[in-house]
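Chemist: output the structure for:
(one chain, ligands or ions: 3)
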Amino acid sequence: MINLSHNLAANIITPRKKDSFKGNYGHVLIVGGNENLGGAVIMNAQAAVQSGAGLVTVATDMSNKTAIHARLPEVMVMDFRQDLTKAVQKADVVLIGSGLGEELSVLQNVFAQINAEQTLIIDGSAITMMAEHNLSLPNAQVVLTPHQMEWQRFGEVPIANQSMEDANWEALVNIKPEPILVLKSSATQVYLEDDMYQLSIGGPYQATGGMGDTLAGMVAGFAAQFKPLGPAVLAAVYCHSAIAEELSKKAYVTLPSKIAEAIPAFMQRLAEETVAKDPVDTKQEE
Ligand SMILES: NC(=O)C1=CN([C@@H]2O[C@H](COP(=O)(O)OP(=O)(O)OC[C@H]3O[C@@H](n4cnc5c(N)ncnc54)[C@H](OP(=O)(O)O)[C@@H]3O)[C@@H](O)[C@H]2O)[C@@H](O)CC1
Ligand SMILES: Nc1ncnc2c1ncn2[C@@H]1O[C@H](COP(=O)(O)OP(=O)(O)O)[C@@H](O)[C@H]1O
Ligand SMILES: [Mg+2]
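Modeler: Ligands and ions are numbered 1, 2, ... in the order given. A predicted model of the protein is given here:
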């Protein structure tokens, strides 16, 4: 077990190169949000945009279009029932599942289009549907972000056993291709290659609907910009709870949208730490 520390996040968030453009920071495609759960993709997208993804497109139920445009002018919107082939091809990172409800054909379409080079983050309803319909993971760089009940459904590890590292490894052995598992709880764990990382920050001020949707959007935004994928996921998980913990000093609850608003300033502080540690190297990067 490794403590998911500040340094793991600070090491990966570096200053941006002066001659870069949006194409250097990845295109995120978010697929989710049925007609009742559009808020989930708004929270995904707000977090991905504020994390610095170069481009963000949301494929969703069209009843969400106006709300998304009104809240997030940075984001492009399309119908998740149309042919998603081109949209998936253009994406570096696809995040599917938050608020997706029971839109099985949307999930199957995306799974059929994704390729082994792309990052696929699977959250919320997509995990539940994979369990209900016995779907396998597609061939992609997969990150699973279940809460405890979703992991019980898909990984078949009873919630009571999920604090035991061995029980989760046993379930992961049977899942191919090997995913990164972000098992969310009041003591979130990340299973990455042969290591388990334990989050020791965060708290009950985070227990509010949309908190996981915001985390999934951050994982997408970080995965789009920072390589390799594993450290990018760890950094997103750390920053999400570190921001919440900071906000909790002055707020009884830390709403998902408030966490998203605080992402750029938090990331800037971590990037400045990199400059302070290694000013010569960072200068050469510019
Ligand atoms: N504004 C929006 O659009 C929002 C949209 N959302 C979207 O809705 C979709 C459904 O997601 P969901 O998580 O709400 O429902 P579901 O998968 O049925 O799980 C709940 C069941 O699991 C149980 N449970 C046990 N342990 C648990 C734990 N640690 N954490 C959580 N639950 C735990 C729990 O037990 P109970 O509370 O009943 O004791 C209950 O029986 C999903 O796509 C999501 O993205 C939400 O993000 C909200 C805001
Ligand atoms: N008591 C708690 N302490 C720390 N983190 C918490 C606590 N309760 C919830 N969280 C965090 O909130 C998020 C909840 O995710 P999830 O249930 O998927 O939310 P939603 O689907 O409503 O967006 C996870 O990141 C989880 O770690
Ligand atoms: Mg969730």
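
Chemist: enumerate the positions of the helix or strand where N7 lies that are buried.
Modeler: Using DSSP states H and E, N7 sits within helix 6-10. Buried residues in helix 6-10, counted by 16 or more other Cβ atoms under 10 Å: 8-10. All C-beta spots, glycine's among them, are computed from the backbone N, C-alpha and C.

Chemist: repeat that for stretch 60-76.
Modeler: By 16+ other Cβ under 10 Å, the buried positions in stretch 60-76 come out as 60-61, 64, 67-68, 71-72, 75-76.

Chemist: using CSV, lay out these together with distance to I175, pLDDT and secondary structure.
Modeler: Shown next, in CSV, are the buried residues of stretch 60-76 (distance: Cβ to Cβ, whole Å; pLDDT from 0 to 100; DSSP: H, G, I helix; E, B strand; the rest coil):
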residue, distance to I175, pLDDT, secondary structure
T60, 27, 99, strand
D61, 29, 98, coil
N64, 31, 98, helix
A67, 35, 98, helix
I68, 32, 98, helix
R71, 35, 98, helix
L72, 33, 98, coil
V75, 31, 98, coil
M76, 32, 98, strand
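
Chemist: which one of these is nearest to E102?
Modeler: Distance to E102 across the buried residues of stretch 60-76 (Cβ to Cβ) is lowest for D61, with 12.1 Å.

Chemist: pretty sure that closest one is touching G32, no?
Modeler: No: the criterion here is Cβ atoms under 8 Å, and D61 misses it with G32 at 9.2 Å.

Chemist: what do the two both touch?
Modeler: Common contact partners of D61 and G32 (Cβ atoms under 8 Å, 6 or more residues apart in numbering): F80.

Chemist: identify all contacting residues around stretch 35-44.
Modeler: The list of residues contacting stretch 35-44 from outside it, by Cβ under 8 Å, 6+ apart, reads 30, 32-33, 58, 60-61, 63-64, 67-68, 71-72, 95, 98-101, 124-125, 210, 213-214, 216-217, 220, 256-257, 260.

Chemist: right, is that stretch up against ligand 1?
Modeler: Yes: Stretch 35-44 lies within reach of ligand 1 by Cβ under 6 Å from any ligand atom, at 37, 39-40.

Chemist: poorly predicted segments of the stretch 151-286 of the chain, please.
Modeler: Within the stretch 151-286 of the chain, the ranges that satisfy pLDDT under 70 run 275, 278-286.

Chemist: and the strands in it?
Modeler: 180-183, 189-192, 195-198 (DSSP state E, counting those that start in this stretch).

Chemist: quick check: residues of the stretch 51-200 of the chain near ligand 2?
Modeler: Contacts of the stretch 51-200 of the chain with ligand 2, taken as Cβ under 6 Å from any ligand atom, map to 124, 147, 184-186, 188.

Chemist: from those residues, which is closest to ligand 3?
Modeler: G124 (4.3 Å; Cβ to the ion).

Chemist: gap between whichever residue of the chain sits closest to ligand 2 and R81?
Modeler: Taking Cβ to the nearest ligand atom, ligand 2 has its nearest neighbour within the chain at G212, 2.2 Å off. G212 sits 25 Å away from R81, taking Cβ to Cβ, to the nearest Å as the criterion.
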